[in-house]
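> what's the 3D shape of this:
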Amino acid sequence: MRRLGRVLVCVFGLLTVGDVQADEAVWELLGRGGQVVMVRYALAPGVGDPANFDPADCSTQRNLNEAGRMQARRMGDAFRNRNIPIDQVLSSVWCRCAETARLAFGDVTVWPALNSFFRDRRTRGRQTDAVATRVAGWTGPGNLVLVTHQINVTALTNRFVQSGEAVVLTPTPSGFQVAGRLLF
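You can find the predicted model right below:
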């Protein structure tokens with residue numbers, strides 16, 4: 001039982017301490033620019049969206065809670081404190097994604113290719129291909145940030161991410177490779 005308590009304290013600490021849990025090599029790579037940072041939105045309690053979900057109406061959606069807003073601000077602070085160059089921030093239209101992007105990075109442009117396809121998997125291939133093309137074609141000089149949903153990150157990278165976690169992608173001549181992860 002004592003060991004479980006230590007594990008829970010460690011996990012709780014990872015989620016609440018303001019330090020970013022990442023390898024400094026990933027931050028150094030981001031400092032040089034030319035990378036793509038694919039972020040799952042910050043903490044928004046629950047799963048999926050209500051039956052009356054309307055992408056144009058935040059009151060019908062599952063939104064960030066105060067812990068999620070703090071997490072998004074920590075994310076932005078981590079990038080600013082390290083002077084990481086950001087050229088563009090794109091987000092899903094979902095309010096929890098757009099709010100994460102705004103709180104972390106300021107200006108954001110909504111890009112429908114980042115919208116969740118959790119309810120309708122028919123658009124998965126088209127959306128994932130559009131994002132893969134954008135990632136592979138990114139040349140910088142700064143970094144591109146994409147704020148989206150876990151299902152979208154997994155479809156592109158085959159990795160499951162937590163709320164407020166990012167996968168750093170390096171464009172290559174044949175597509176991209178995963179360079180690392182950041183947990184905020």
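> now the end-to-end length of stretch 164-181.
11 Å (CA to CA, to the nearest Å).
> What residues sit buried inside that stretch?
Of all the residues in stretch 164-181, those buried under the rule 16 or more other CB atoms under 10 Å are Gly164, Glu165, Ala166, Val167, Val168, Leu169, Pro171, Phe176, Ala179, Gly180, Arg181. Where you see a C-beta, it was placed from the backbone N, CA and C, and this is true even at glycine.
> Return, as residue ranges, the portions of the protein with sub-threshold pLDDT.
Counting by pLDDT under 70, the chain shows low-confidence ranges at 1-22.
> quick revisit: okay, the buried residues of stretch 164-181 in a markdown table with secondary structure next?
Rendered in a markdown table, the data for these read as follows (DSSP: H, G, I helix; E, B strand; the rest coil):
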| residue | secondary structure |
| --- | --- |
| Gly164 | coil |
| Glu165 | strand |
| Ala166 | strand |
| Val167 | strand |
| Val168 | strand |
| Leu169 | strand |
| Pro171 | strand |
| Phe176 | strand |
| Ala179 | strand |
| Gly180 | strand |
| Arg181 | strand |
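> Give me the three-state assignment for the residue most central in space within the chain.
In the chain, the residue lying closest to the centroid (CA atoms, centre = their mean) is Val39, at 1.0 Å. Classification of Val39 using three-state DSSP returns strand.
> can you give me the strands for this structure?
36-40, 86-91, 109-110, 143-148, 165-172, 175-183 (DSSP state E).
> Helices of the protein, residue ranges please.
In the chain, the segments counted as helices under DSSP state H are 2-16, 24-32, 66-81, 95-105, 124-137, 150-157.
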